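A.B. asks: quick one, fold the following:
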Amino acid sequence: MKNLTIVLKVSVALALLFVMVGVIIPEQMEAGLELTQSFMFETFGWYFQILVSLLLFFAIYLALGKYGNIKLGTPDSKPEFSRPVWFAMLFSAGIGIGLFFYGVSEPVAHFSVPPSGPGGVAESAVGGVTYTWLHWGFHAWAIYALVALALALQQFRYKSPGLISTTLSPVFGDRMRGPLGHVVDVIAVFATVFGVAASLGLGSQQINSGLVYLFDVPYSFTVQLIIMVVITIIFVTSATTGIQRGIKYLSSINISISAIFLIFIFITGPTLFLLNTFTSSLAHYVETFIPMGLRMSPVDPDEAGWTQGWTVFYWAWWISWTPFVGMFIARVSKGRTIREFIAGVILAPSLVTFLWFAILGGTGIHLELYEGLLVSGESLETALFFVLQELPFTALVSALTVIIITIFFVTTADSATFVLGMQTTGGKLNPPVQIKVLWGFIFVAITAVLLLSGGLQAFQTAIVVSAFPLSFIIIFMCFGIVKTLQDEN
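C.D. replies: Numbers count the residues shown, from 1 in each chain. Below is the predicted model:
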């Protein structure tokens, strides 16, 4: 590998340093992560709430405003992928693993322990679904859309490298080509690494849980490490085939299988209850998603803790994912207008997400509310398989679920290594295979260290810490979008 960039050298060195510290002093790292998480949640929760709400309003303004007909590319550019394939790719890269990990567990958790009022009663069923929609709906996809838009404008209209730093060029000019730009890109790399590592960690935990239900395999760090190693081999192989083959085909296959899975749950589950829950939750979401996106509860410590542990964490998670998902969405969205792009990125995935959590979460809530099963007593990674035990063809569907999660694992890691390859090779649209393989193994090492240093809590801390500096970059990115579009007229 010749002509290694400064961003690659610094990023790899820092990543290896993090891995070494985690291996040598895991207890101290865990304690430090716990202390950092508490400080970040309590001190900057208000900031994340306000920022993400403003980003949503800004995305809506761009879609509905006078710039909506501007293309991501030259005026005669045509989309590289059909709409179904485009949607499948951005969806698989965006939130695939999380849908299975939280599909049952989060709505049931909010039903059992809502931010306010009594839990575990009929009145909290709709809220259980609605609060989950808040975290996975319009707000999340608006963040992705804006970062992807900023990247696509610079990359396809002005032929700039596909780097986060180039999106700030309209604001800071040529300074982005020097050390300041390198700092921005290194921050983006680390946010990507920690954000995706969290998803890979969740994926390995849930695959392990599925193997427990199917084959009585022990639930342990060792098993999860073996799972990550096996899947690393798979996604490294996929990464060598490029975006036109590996990621494209795996994404399309996974969306199709996931649709079959969702329809099965809908038909064999409490169908009428699910339809009523979806309808009522939709009304509740429209009524509450803006105030809930700004809620901090300064006088109620329990409610404040819920907001910090759920909503603020999610906003930080989506922000940390933006370099990864934003670059990937930008890469596959050339030729679409701003209006079509924002509508596609925000509305279509949100609608599918709403259906997903209403059906899976609604089934879990129904089992606990009317059949006396303590679904809320299950861990986040086991709740889905616990619910599947109550439906027909348990073994077959559980095995299919493990396969789907595995493919999502592969597509997420595959897409992430592709994007990190772009970020650390000066924005190359087709980064060298060796660079993608290198980042694949670094992903696994960091995921293993975080699993060893506190599991989900360690992931949460790494996400929030990496998202904080990146959030300021996103603010400047939005100014860059406005300046770029104004120069178009």
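A.B. asks: any chance you could map the helices in the stretch 351-489 of the chain?
C.D. replies: Secondary structure of the stretch 351-489 of the chain (DSSP state H, counting those that start in this stretch): helices at 383-388, 394-423, 433-452, 456-488.
A.B. asks: deepest-packed of the ones you listed, please.
C.D. replies: Mean neighbour count (mean count of other CB atoms under 10 Å) peaks for helix 383-388 among the helices of the stretch 351-489 of the chain, with a mean of 25. C-beta here means a position set from N, CA and C on the backbone, and glycine is covered the same way.
A.B. asks: related to what we said a few turns ago, distance to residue 55 and mean pLDDT for the helices of the stretch 351-489 of the chain - can I get that in a markdown table?
C.D. replies: Putting the helices of the stretch 351-489 of the chain into a markdown table (distance: least, CB to CB, whole Å; pLDDT from 0 to 100) gives the following:
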| stretch | distance to residue 55 | mean pLDDT |
| --- | --- | --- |
| helix 383-388 | 30 | 96 |
| helix 394-423 | 20 | 85 |
| helix 433-452 | 27 | 85 |
| helix 456-488 | 7 | 88 |
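A.B. asks: could I get those as TSV with distance to residue 190?
C.D. replies: What follows is the helices of the stretch 351-489 of the chain, written out as TSV (distance: least, CB to CB, whole Å):
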stretch	distance to residue 190
helix 383-388	30
helix 394-423	10
helix 433-452	10
helix 456-488	5
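A.B. asks: of all these, which lies closest to residue 328?
C.D. replies: Closest of these to residue 328 is helix 394-423, at 5.1 Å (criterion: CB to CB).
A.B. asks: measure how the closest one sits relative to helix 433-452, angle-wise.
C.D. replies: With axes from the mean of the first three to the mean of the last three CA atoms, to 10 degrees applied, the angle from helix 394-423 to helix 433-452 works out at 120 degrees.
A.B. asks: counting by contacts, list what helix 394-423 packs against.
C.D. replies: Secondary-structure packing of helix 394-423 (3 or more CB pairs under 8 Å, 6 or more residues apart in numbering; DSSP states H and E): helix 83-102, helix 179-215, helix 221-239, helix 248-268, helix 313-331, helix 383-388, helix 433-452.
A.B. asks: which of the ones you listed sits closest to residue 21?
C.D. replies: Using CB to CB, these put helix 433-452 closest to residue 21, at 8.2 Å.
A.B. asks: other SSEs contacting that closest one?
C.D. replies: helix 6-24, helix 26-64, helix 179-215, helix 221-239, helix 394-423, helix 456-488.
A.B. asks: the longest one - what's its average pLDDT?
C.D. replies: In this case it means helix 26-64. What helix 26-64 shows for mean pLDDT is 91.
A.B. asks: residue 20 is nearest to which of the helices of the stretch 351-489 of the chain?
C.D. replies: helix 433-452 (9.0 Å).
A.B. asks: starting at the chain centroid, how far to the closest one?
C.D. replies: Relative to the centre of its chain, helix 433-452 is centred 18 Å away, using CA atoms, centre = their mean, to the nearest Å.
A.B. asks: now the angle from it to helix 26-64?
C.D. replies: 120 degrees.
A.B. asks: CA atoms only: put helix 433-452 into CSV for me.
C.D. replies: C-alpha atoms of helix 433-452 as CSV (Å, rounded to 0.1, in the frame of the first residue of the first chain):
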residue,chain,number,x,y,z
VAL,A,433,-9.2,-4.0,-1.0
GLN,A,434,-6.2,-4.0,1.5
ILE,A,435,-7.5,-0.9,3.2
LYS,A,436,-11.0,-2.3,3.5
VAL,A,437,-9.6,-5.6,5.0
LEU,A,438,-7.5,-3.6,7.4
TRP,A,439,-10.5,-1.7,8.7
GLY,A,440,-12.5,-4.9,8.9
PHE,A,441,-10.1,-6.4,11.4
ILE,A,442,-9.8,-3.2,13.4
PHE,A,443,-13.6,-3.2,13.7
VAL,A,444,-13.6,-6.7,15.2
ALA,A,445,-10.7,-5.8,17.6
ILE,A,446,-12.5,-2.7,18.9
THR,A,447,-15.8,-4.4,19.2
ALA,A,448,-14.2,-7.2,21.2
VAL,A,449,-12.5,-4.7,23.5
LEU,A,450,-15.8,-2.8,24.1
LEU,A,451,-17.6,-6.1,24.8
LEU,A,452,-14.9,-7.0,27.3
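A.B. asks: distance check, residue 107 against residue 458.
C.D. replies: Remark: distance between residue 107 and residue 458 (CB to CB, to the nearest Å) = 25 Å.
A.B. asks: meant to ask about residue 21
C.D. replies: 12 Å.
A.B. asks: give me the common contacts of the two.
C.D. replies: Common neighbours of residue 21 and residue 458 are listed as residue 29 (criterion: CB atoms under 8 Å, 6 or more residues apart in numbering).
A.B. asks: not counting sequence-adjacent ones, nearest residue to residue 163?
C.D. replies: Distances taken as CB to CB, 6 or more residues apart in numbering place residue 427 nearest to residue 163, at 4.5 Å, with adjacent residues excluded.
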